[in-house]
Structure formats: C-alpha cells, structure tokens
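A.B. asks: Predicted structure and sequence below. I'll ask about it afterward.
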Amino acid sequence: MSQIEKFNKDLASNKEMMEDVKKIGNDIAKIVSYANSKGYSFTVDDVKASAKQGEISEEQLGKVAGGVILGKAEAVILG
C-alpha cells in the first residue's frame, strides 16, 4: 500500500484528521504538507502521478463519502 493510499484509508477512519483536511480545502500542497506532518511521506508530484492513473471508482467514492480522496483525482473533498 502506498503512502497516499494509507493516508486516504486513515482519513476515512479518523474524524479529526478528516476535519483538518476539510478545513485545508483543495490545496494539494497544503494537504501533502499536513499528511507529511502526520508521519506520511509523499510529494505533490506523487499525488499528480497517482492522479494520472485514472478516475475515482465507485468503490472508492463509497469509502470516502463525506470525506477526501487524495490521488486519483488529485484531491476530492466530498461533503
């Protein structure tokens, strides 16, 4: 599991982190900085590379309803 995937998974289960990221908004650099301050290790370029892999699947959307997915579409904040 990549660091981006781990961050997305942890966001889905950690309401405090989710609220922090929602406050940041759609600024990818700020979200990456926040994630790295929490012990994750990835860059904006890593997120952009992940975004080029395709669109968000229905399954992924279901997992983060009301939340955030970082990667596949750079950053999608739902809710």
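C.D. replies: Done, it's in.
A.B. asks: And Lys9, how far from Gln3?
C.D. replies: 11 Å (Cβ to Cβ, to the nearest Å). Where you see a C-beta, it was placed from the backbone N, CA and C, and this is true even at glycine.
A.B. asks: cool, and Lys15?
C.D. replies: Distance, Lys15 to Gln3, by Cβ to Cβ: 21 Å.
A.B. asks: So these two - more neighbours on which side?
C.D. replies: Between Lys15 and Gln3, counted using other Cβ atoms under 10 Å, the more crowded position is Gln3 (15 against 10).
A.B. asks: give the contact list for the closest residue in space to Asp10 that isn't next to it in sequence.
C.D. replies: Among residues not flanking Asp10 along the chain, Met17 sits closest, at 6.6 Å (Cβ to Cβ, 6 or more residues apart in numbering). Met17 sits next to 10-11, 38 when contact means Cβ atoms under 8 Å, 6 or more residues apart in numbering.
A.B. asks: where's Met17 relative to Asp45, distance?
C.D. replies: From Met17 to Asp45 the distance is 22 Å (Cβ to Cβ).
A.B. asks: cool, Ile4 as well?
C.D. replies: Taking Cβ to Cβ, one finds Ile4 at 11 Å from Asp45.
A.B. asks: got it, and Asp20?
C.D. replies: 23 Å.
A.B. asks: More neighbours: those two, which one.
C.D. replies: Asp20 (15 against 9).
A.B. asks: Report how many residues lie close to Asp10.
C.D. replies: Asp10 has 15 nearby residues by other Cβ under 10 Å.
A.B. asks: could you pull out the strands for the chain?
C.D. replies: Secondary structure of the chain (DSSP state E): strands at 68-71, 74-77.
A.B. asks: weakest of those by average pLDDT?
C.D. replies: Per-segment mean pLDDT for the strands of the chain reaches its minimum on strand 74-77, at a mean of 50.
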